[in-house]
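> Sequence and computational prediction follow.
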Amino acid sequence: MMTAEPNRLSLSLAEIIRGRRSVRRLSDRPVAREHILAMLEAARWAPSPHGRQPWRFVVLTRAEVKHTLAAAMGEEWRRQLALDGQDAATIDTRVRKSYERMTSAPVVLLPCLYTVNLDVYPDEARNAAEITMAVQSLGCAIQNMLLTAYALGLDCGWMCAPLFCPETVTAALDLDPALIPHALITVGYAAVEPVRRERLPLEALIVRFD
């Protein structure tokens, strides 16, 4: 079990980028409000199409709200897993672990896509490209949050579950229907060191250099 305060304030940007990791098990240690705000402040400086900043964020810290959301999402996931043909025991285990992961995190952030202010074109192809740009920028905002959290000694887990049940999330939290929840970020202090996956070598990623 981890007990020491992570000391990352002296890290370089490159070290923060390489050090950031995905942590599934977080301790129940509270996260300071100023740390949450610092993450969101970093997010709002992400690049965005036409400078429209097509993102909004939901912050959950209260246990009852996290339980409400996790329960609603769990029911929908249970239905989807049954459609996949998974057996009852497997479904119970997967839904329970997801529920525990969401409700045990001190903070849950939900980055939402907000497309109201995007440009509108007369053709479908350009409208689709506009949405893609907005989604890309939302990813940049999330990365800014993750890097800031790591620099502050926190760790996060990036869950994509809201993509599979956006209406469920919106209804459970009584959000504006114009908001499209795209991710669920658990935030806290690592309870155990995560197992990190190997990265592909750079030469395998560059498909053309001139």
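The structure has been received and is ready for your questions.
> Flag the shaky bits of this protein, pLDDT-wise.
1-6 (pLDDT under 70).
> which residues in the chain form helices?
For the chain, applying DSSP state H gives helices covering 13-19, 33-43, 63-83, 88-104, 124-151, 166-173, 202-205.
> Could you dump these into TSV and include distance to residue 25 and mean neighbour count?
The way it works is simple: take the backbone N, C-alpha and C, and place the C-beta from them, glycine included. As requested, the helices of the chain are exported to TSV (distance: least, Cβ to Cβ, whole Å; neighbours: other Cβ atoms under 10 Å):
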stretch	distance to residue 25	mean neighbour count
helix 13-19	18	12
helix 33-43	19	17
helix 63-83	16	16
helix 88-104	8	15
helix 124-151	16	18
helix 166-173	23	18
helix 202-205	30	8
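> Turn those helices into a markdown table, including distance to residue 56.
Listed next are these as a markdown table, based on distance: least, Cβ to Cβ, whole Å:
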| stretch | distance to residue 56 |
| --- | --- |
| helix 13-19 | 25 |
| helix 33-43 | 10 |
| helix 63-83 | 16 |
| helix 88-104 | 20 |
| helix 124-151 | 10 |
| helix 166-173 | 12 |
| helix 202-205 | 32 |
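> Can you tell me which helices and strands the lengthiest strand in the chain packs against?
The strand that spans the most residues within the chain, counting by DSSP state E, is strand 107-114. On a contact count with 3 or more Cβ pairs under 8 Å, 6 or more residues apart in numbering; DSSP states H and E, strand 107-114 meets helix 33-43, strand 55-60, helix 124-151, strand 179-181, strand 184-188.
> just to revisit the earlier point, among the helices of the chain, which is nearest residue 118?
helix 124-151 (5.0 Å; Cβ to Cβ).
> which strands and helices sit next to that closest one?
helix 13-19, helix 33-43, strand 55-60, strand 107-114, strand 155-159, strand 184-188.
> same thing but at 6 Å, please
helix 13-19, helix 33-43, strand 107-114 (3 or more Cβ pairs under 6 Å, 6 or more residues apart in numbering; DSSP states H and E).
> what's the closest of the ones you listed to residue 201?
Between residue 201 and those, the tightest spacing by Cβ to Cβ is seen for helix 13-19, at 14.2 Å.
> Show me what the closest one is packed against.
helix 124-151.
> okay, the angle between the helix it packs on and strand 55-60?
If you take axes from the mean of the first three to the mean of the last three Cα atoms, to 10 degrees, helix 124-151 sits at 40 degrees to strand 55-60.
> what's the angle from helix 124-151 to strand 155-159?
Using the same axes, to 10 degrees: helix 124-151 against strand 155-159 is 160 degrees.
> Pull the number of nearby residues for residue 152.
19 (other Cβ atoms under 10 Å).
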